[in-house]
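[1] sequence and computational prediction follow.
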Amino acid sequence: MTTIDPRQYIAPAGLLENRVILVTGAGAGIGRAAASTFAGHGASVILCGRTTAKLEQVYDEIVAAGGARPAIAPLCLETATEPDYRKLGESVLAEFGRIDGLLHNAGLLGERTSIANYSATSWNRVLQVNLTAGFLLTKALLPALRESPSASVLFTSSGVGRRGRAYWGAYAVSKFGVEGLSQVLAAELEQTSNIRVNCINPGATRTAMRAAAYPAEDPLALKTPAQIMPAYLYLMGPDSEGLTGASVDAQ
Ligand code: NDP
């Protein structure tokens, strides 16, 4: 058996044909690239995010490139309540009958300061958006995921979600939580469903969040979101069937 390096994966055209995939934070950065890339490989994409104008831009790009007409699901992961998530799960089932992919990508950096100085308000916001929202959204979409013959749930982690570093505060803690949530869910679903659950660590990537975290860095030295898509395609498509509970590096 040959093992595939997700970073070097070459996706066949039409890899995601007939798949329905929801991406959070689809209006900017890595999420935007993922939504366009999935659509470019045949998926029907549900663009989820908090800024509708950005989602509409991505919608237009996908349609202009000849992709299947996406759906737009405006949702603020900081303020949404469980009934909002339930409504989204029900409308996905009503409109598509199932969901084959779920990319938890939206994220908040929060403060870059010591635990001693970290504000409780910022702590709660970061944990809500980066961790709790992923739990609530997955829970609400489980009935639709169960209808898929082969579903992939992908959580977005980070290097600081595997090894804590000074001044990364709630962001690092939330990413440790994401790794844990992914492992627990993977173990629960492995024997009882067709749903696999993994984490991806994008690595340093040229986005607004990275620039905020490392203001003195030259962004041109970093990979663009489009350049890290091979691993995302691998994990969303059928070639990663059987892989669950893993944490994968995109670069
Ligand atoms: P960006 O800041 O460029 O994009 C973040 C996305 O999350 C935006 O679409 C943003 O929406 C959305 N978002 C933020 N808050 C909310 C909210 N309350 N409700 C809904 N959506 C929200 O970040 P990246 O693209 O860099 O990051 C994507 C993921 O990758 C994150 O999980 C991040 O932690 C992770 N990551 C990134 C790395 C990097 O080097 N870039 C490295 C390691 C991990 P809006 O545009 O409307 O604000």
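    Sure, I can see it. In this text the structure is predicted, and so the values were computed from the model without any measurement. Residues are numbered from 1 along each chain as shown.

[2] for the protein, what spans make up the strands?
    Secondary structure of the chain, counting by DSSP state E: strands at 20-24, 44-49, 71-74, 101-104, 151-156, 195-201, 247-249.

[3] hmm, who's touching the longest one?
    What that stands for is strand 195-201. When contacts are defined by C-beta atoms under 8 Å, 6 or more residues apart in numbering, strand 195-201 is touched by residues 142, 145-146, 148, 151-159, 161-162, 178-179, 182, 185-186, 189-190, 231-232, 235, 240-250. In short, each C-beta sits where N, CA and C put it, glycine included.

[4] residue 207: which of the strands of the chain is closest?
    The closest of the strands of the chain to residue 207 is strand 151-156. By C-beta to C-beta, the value is 11.8 Å.

[5] what's the angle from the closest one to strand 195-201?
    Between strand 151-156 and strand 195-201, the angle comes out at 20 degrees (axes from the mean of the first three to the mean of the last three C-alpha atoms, to 10 degrees).

[6] so what are the sheet partners of strand 151-156 and their directions?
    In the sheet, strand 151-156 lines up against strand 101-104 (parallel), strand 195-201 (parallel) (DSSP bridges).

[7] who in the stretch 51-200 of the chain is up against the ligand?
    Residues of the stretch 51-200 of the chain lying close to the ligand (C-beta under 6 Å from any ligand atom) are 51, 54, 76-78, 105-108, 129, 156, 158.

[8] what subset of those residues is buried?
    54, 77, 105-108, 129, 156, 158 (16 or more other C-beta atoms under 10 Å).

[9] include pLDDT when you put the residues you listed into TSV, please.
    As requested, these are exported to TSV (pLDDT from 0 to 100):
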residue	pLDDT
54	98
77	98
105	98
106	98
107	98
108	98
129	98
156	98
158	98
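
[10] looking at the residues you listed, spot the one nearest the ligand.
    residue 107 (2.6 Å; C-beta to the nearest ligand atom).

[11] report the contact partners of residue 93.
    Residue 93 neighbours (C-beta under 8 Å, 6+ apart): 143-144, 147.

[12] out of those, which are inside helices?
    143-144 (DSSP state H).

[13] residue 238 reaches residue 150, doesn't it?
    Yes: using C-beta atoms under 8 Å, residue 238 is in contact with residue 150, at 6.3 Å.

[14] burial measure for residue 246, as a count.
    When neighbours are defined as other C-beta atoms under 10 Å, residue 246 has 16 of them.

[15] for the remainder of this discussion, apply numbering that starts at 16.
    Okay, residue one is now 16; in that scheme the one you just asked about reads as residue 261.

[16] could you find the closest non-adjacent residue to it?
    residue 213 (4.8 Å; C-beta to C-beta, 6 or more residues apart in numbering).

[17] from the buried ones among the residues of the stretch 66-215 of the chain next to the ligand, which land in helices?
    residue 69.

[18] now, which of the buried ones among the residues of the stretch 66-215 of the chain next to the ligand sits nearest residue 57?
    Nearest member of those to residue 57, counting by C-beta to C-beta, is residue 120, at 19.5 Å.

[19] picking that back up, can you say which of the contacts of strand 210-216 are buried?
    157, 160, 163, 166-173, 176, 193-194, 197, 200-201, 204, 246-247, 250, 255, 258-265.
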